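> I would like to see how this sequence folds:
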Amino acid sequence: MKPEKKMSNFLTCAFSVILISAALVITGCSKPEDQQGQPQGYGQIPKVTYVTIKPQSVELTTELPARTSAYLVSEIKPQVNGIIQKRFFEEGADVEEGQILYKIDDAPFKAALKAAKATLDKAKASLPPIKSMEARYKRLLSGKAISQQQYDDVKSELDQVLAQIRYLEAEVDRAEINLGYTDVKAPISGRIGKSLVTVGALVTGYQPTPLTTIHKFDPIYVDAAQSTSDMLRLRENLESKAIQKNEDENKVNIILENGKSHAIEGKFKFRDVIVDPNTGSSLLRIVVPNPSRILLPGMYVRAVLQEGIAENAILAPQEGVARTPKGEPFSYIVSEKGEIELRMLTINRAINNKWLIIDGLSDGDKVVVEGRSKIRAGAIVEGSEFKPQ
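Modelled structure (predicted):
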C-alpha cells in the first residue's frame, strides 16, 4: 500500500473518533426533561405573603435614660457647740418634721439664759427712777425752773436705759434660741440615714460634717436627658401639625431596671433652661409618686414621655423591611399586576414590632413579609395576605 493511502485512512479514523466523543459529551451534559418535555423548575411562579398598609392613629412616645434623685435632702448639722448626750432615732427609719434626733448637753445654755434674764431684770429695775426724774424735769422745764441742758441730760439717760433694756431682751432671746438648739430636730419628713456621730461626741455649730442626712423620696424626682436634636424634631412636628398634642402629654411612664413599669405614672415638671455642652442634651425633671418606696435615689430608670398623636401614620412590619449593603431601608411591594416593585424607605422610629415610615409607602401598598429570598424587582409572584398565627 502506498504511503499516501495509509495517511488518508489514519486521518479518517481519527476524525470518526473525535465525532463520537463529542456526541457522548453532548449527550452526557444534556438535562433530563420532565414528563411534559419542559426543564425541571421552569415556569414556576414564586409564592409570597404580604401585609396591606392601612394608615392609623398612633401615639408617639420617647424613651429616655434617667436617674432618680430625692425630692428633698437635708443634712443635719448642729447649730451650737456641745456634747451629744442621746440619739432618738433608728438608722434607716422614717422620721417626721420636728422630731428630736439628737440631744446636746444643755446645762451651759440654761445657765447663760438665767444670766441674761438677771441682767435684763437689773436694767428694768433702774428704769422707774430715771423715768420719774425725766417727768419731773419736764414739768420744771415748762416753768423755766431748769435749763434745757439739764432736761436733755436726764432725757438722754432715760433713752440709754431703754436701749439697754431692748439689748438685754435680745440677749435673752438669743440665749433661749441657743438652748432650743440643743434639741437637734428634723427639718423635713423622710427617711433618715446612718448616724455619723455617737453619744459622747463633741460637735460644733455649723460644722462641715453632718450628723446624719434625711432624704424625702415620696414623691421622687426622675431626671431624664433629652438631646437637642430630638427636642427640635418634636417642636418641628408640633409646629407642622405632623403630630397633635395629647391630652396626657405631661404623664410619664417610668420603666424600672428589671423592665417592669412603675405602678404610678409621673408628671413632667419642667425642662432645664441650659444645655450640657459635654452631652448636647438638656435635663427634663419628672415628679413621680413613690408611696411604696420602690424608687430610691440614684437608681437608673427609663422615662417614657408622651410626644403626641400622629394621625394617618404609616406603620410597616419589621419583617417587611430589609436594608441594602449601605444600610438603606427598602421593601418589596406587590403591584396590582402581581409584579414586584422595590421601594426605598425613610424610617422615623420603631414602634413595638413595626417601623414608622415617613416616606416610601402609602395606603393600600402590599408589603412582602414572607418569601423575600425568592424574589427580585420585576419578578412576577403569586401573593396572598399574611395571616398571623
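
> And the strands in the stretch 101-250 of the chain?
183-185, 190-192, 202-203, 212-227 (DSSP state E, counting those that start in this stretch).

> Stretch 170-188: end-to-end distance?
28 Å (Cα to Cα, to the nearest Å).

> Check stretch 270-277 too.
End-to-end for stretch 270-277, by Cα to Cα: 19 Å.

> Distance from the chain centre to it, please.
Mean-position distance between stretch 270-277 and its chain equals 13 Å (Cα atoms, centre = their mean, to the nearest Å).

> ok, and what's touching that stretch?
225, 226, 228, 281, 282, 283, 284, 285 (Cβ atoms under 8 Å, 6 or more residues apart in numbering). Yep, even glycine has a C-beta here, placed from its N, CA and C like the rest.

> can you rerun that using 6 Å?
228, 282, 283, 284, 285 (Cβ atoms under 6 Å, 6 or more residues apart in numbering).

> same question, stretch 373-382
45, 46, 47, 48, 338, 339, 340, 342.

> hmm, 7 Å instead?
45, 46, 47, 48, 332, 334, 338, 339, 340, 341, 342 (Cβ atoms under 7 Å, 6 or more residues apart in numbering).

> Go through those residues and name the one nearest residue 71.
Using Cβ to Cβ, residue 332 comes nearest to residue 71 of those, at 53.3 Å.

> Apart from its neighbours in sequence, what residue is nearest that closest one?
Leaving out its chain neighbours, the residue that sits closest to residue 332 by Cβ to Cβ, 6 or more residues apart in numbering is residue 368, at 4.1 Å.

> who are the neighbours in contact with the one you found?
Neighbouring residues of residue 368 by Cβ under 7 Å, 6+ apart: 48, 50, 320, 332, 334.

> Go again with 6 Å.
48, 50, 332.

> Tell me which stretches of the protein form helices.
3-29, 107-125, 127-142, 148-180, 228-239 (DSSP state H).

> Tabulate the contacts of stretch 270-277 (CSV), appending pLDDT.
Shown next, in CSV, are the contacts of stretch 270-277 (pLDDT from 0 to 100):
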residue, pLDDT
228, 86
282, 89
283, 91
284, 91
285, 93
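
> sorry, back to before: okay if I get the helices of the chain as CSV plus distance to residue 58 and mean neighbour count?
As requested, the helices of the chain are exported to CSV (distance: least, Cβ to Cβ, whole Å; neighbours: other Cβ atoms under 10 Å):
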stretch, distance to residue 58, mean neighbour count
helix 3-29, 59, 9
helix 107-125, 68, 15
helix 127-142, 83, 13
helix 148-180, 61, 14
helix 228-239, 12, 13
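
> was I right about residue 361 contacting residue 51?
No - between residue 361 and residue 51 there is no contact under Cβ atoms under 6 Å: 10.6 Å.

> quick revisit: do you know the pLDDT at the residue nearest to residue 332?
In this model, residue 368 is scored at 95, pLDDT.

> The contacts of stretch 270-277: which two are farthest apart?
Within the contacts of stretch 270-277, two members stand farthest from each other by Cβ to Cβ: 228 and 285, at 16.8 Å.
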